[in-house]
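Trainee: Got a sequence here, can you build the structure:
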Amino acid sequence: MWPFSDPFRRKAVAYVLISLLCALFAAVYELFSHGVWSYSMVFAFVFPLAGGALPVLLLRDPSPAAAALWRAGLAAWTVGSIFRGALEIYGTTHALTLVYPAAGALLCAAALATQIGSQINKP
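Mentor: I've put the predicted structure just below:
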């Protein structure tokens with residue numbers, strides 16, 4: 001049997017690949033940034049890895065709505081981290097960078113609430 005026939009493993013592998021792509025993007029971006037780097041850019045890969053691959057392997061039956069909200073929250077955190085890193089490398093800041101962590105937190109909290117609600121309503 002093929003090791004990735006399990007849908008949960010496939011999702012975990014997808015999140016690991018997304019993490020690798022984020023790390024590769026950060027490395028290439030910083031290669032062309034003339035020696036300037038940013039913690040936000042360097043550690044952008046952590047969101048899909050820790051927030052995507054690990055929960056997929058640990059939690060086995062999320063509701064579709066909770067899974068969609070969780071993915072949206074991770075995407076907001078990841079994109080926000082990359083955006084903030086690009087601005088830090090450029091040498092500026094912007095108030096919009098505060099929206100991404102807040103949106104990610106709200107979406108992930110909504111995902112947890114949705115999952116808890118679906119577990120309570122299960123017969």
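Trainee: distance between the lowest-mean-pLDDT helix or strand in the chain and the chain's centre?
Mentor: Every helix and strand in the chain was compared by mean pLDDT, DSSP states H and E; the lowest is helix 54-58, with a mean of 74. For helix 54-58, the gap between its own C-alpha mean and the chain's C-alpha mean amounts to 13 Å (Cα atoms, centre = their mean, to the nearest Å).
Trainee: so what does it touch, helix or strand wise?
Mentor: helix 7-31 (3 or more Cβ pairs under 8 Å, 6 or more residues apart in numbering; DSSP states H and E). For every residue, glycine as well, the C-beta is placed using N, CA and C.
Trainee: got the buried residues for the helix or strand following the helix it packs on?
Mentor: Beyond helix 7-31 on the C-terminal side, the first helix or strand identified by DSSP states H and E is helix 39-42. The neighbour-count criterion (16 or more other Cβ atoms under 10 Å) identifies 40-42 as the buried residues of helix 39-42.
Trainee: Please apply the same query to stretch 98-118.
Mentor: 100, 103-104, 107-108, 110-111, 114-115.
Trainee: Restricted to helices, list those.
Mentor: 100, 103-104, 107-108, 110-111, 114-115 (DSSP state H).
Trainee: would TSV of these with distance to Ser19 and pLDDT be doable?
Mentor: Formatted as TSV, those follow (distance: Cβ to Cβ, whole Å; pLDDT from 0 to 100):
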residue	distance to Ser19	pLDDT
Tyr100	18	95
Ala103	20	97
Gly104	16	96
Leu107	19	96
Cys108	17	93
Ala110	23	95
Ala111	19	92
Thr114	25	92
Gln115	23	88
